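Q: Kindly return the folded structure for what I paste below:
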Amino acid sequence: MSILEKDILDGVAISKKDNNLILFLSDELDFKDEYNHLLLLQDKINSYIAYIETEQYKEEYPDYLFNDIILEIHFKYEPTDNCKHFIEVVNSIIEKYNMKCVIK
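A: Coordinates of the predicted model:
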């Protein structure tokens, strides 16, 4: 999958240990054009948030009650300070959904 495919989830798993829904986001781009990269990342994250807001995950996992929803962002290249700050802002917004972004 790709950050360029904003309407596709890159991966989904269940952590049976923590009873969390894990959403994977793969970011293969470098940060040479940081501004556009962050716009693409924002679009992709917004798609994941819409997936949660509309409870689409219940179609695949109708009997699960998840404790938390973790969005694991796997970067190929080291995220910039601006990117890390952006993820912090995203986390402050999505915490109301028992959701958080983590950088992997």
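Q: how would you label the closest residue in space to Leu25 that isn't next to it in sequence: helix, strand or coil?
A: Among residues not flanking Leu25 along the chain, Ile73 sits closest, at 4.7 Å (C-beta to C-beta, 6 or more residues apart in numbering). For the C-beta atoms, the positions are set from N, CA and C on the backbone; glycine is no exception. Assigned by DSSP: H, G, I helix; E, B strand; the rest coil, the conformation of Ile73 is strand.
Q: any idea how far Asn67 lies from Leu4?
A: Distance, Asn67 to Leu4, by C-beta to C-beta, to the nearest Å: 31 Å.
Q: Report the buried residues of the lengthiest helix in the chain.
A: Ordering each helix of the chain by length in residues (DSSP state H) puts helix 34-53 first. Burial within helix 34-53, assessed by neighbour count using 16 or more other C-beta atoms under 10 Å, is assigned to His37, Leu38, Leu40, Leu41, Lys44, Ile45, Tyr48, Ile49, Tyr51, Ile52.
Q: Which residues does it contact?
A: 3-4, 6-9, 23, 25, 27, 29-31, 57, 69, 71, 73, 80, 82-83, 86, 90, 94, 97, 99, 101 (C-beta atoms under 8 Å, 6 or more residues apart in numbering).
Q: Let me know the closest of the buried residues of helix 34-53 to Ser15.
A: Ser15 has its nearest neighbour among those in Ile52, at 15.8 Å by C-beta to C-beta.
Q: contacting residues around the nearest residue to that closest one once chain neighbours are set aside?
A: Distances taken as C-beta to C-beta, 6+ apart place Tyr97 nearest to Ile52, at 5.3 Å, with adjacent residues excluded. Contacts here follow C-beta under 8 Å, 6+ apart; on that basis Tyr97 touches Ile49, Ile52, Glu53, Ile69.
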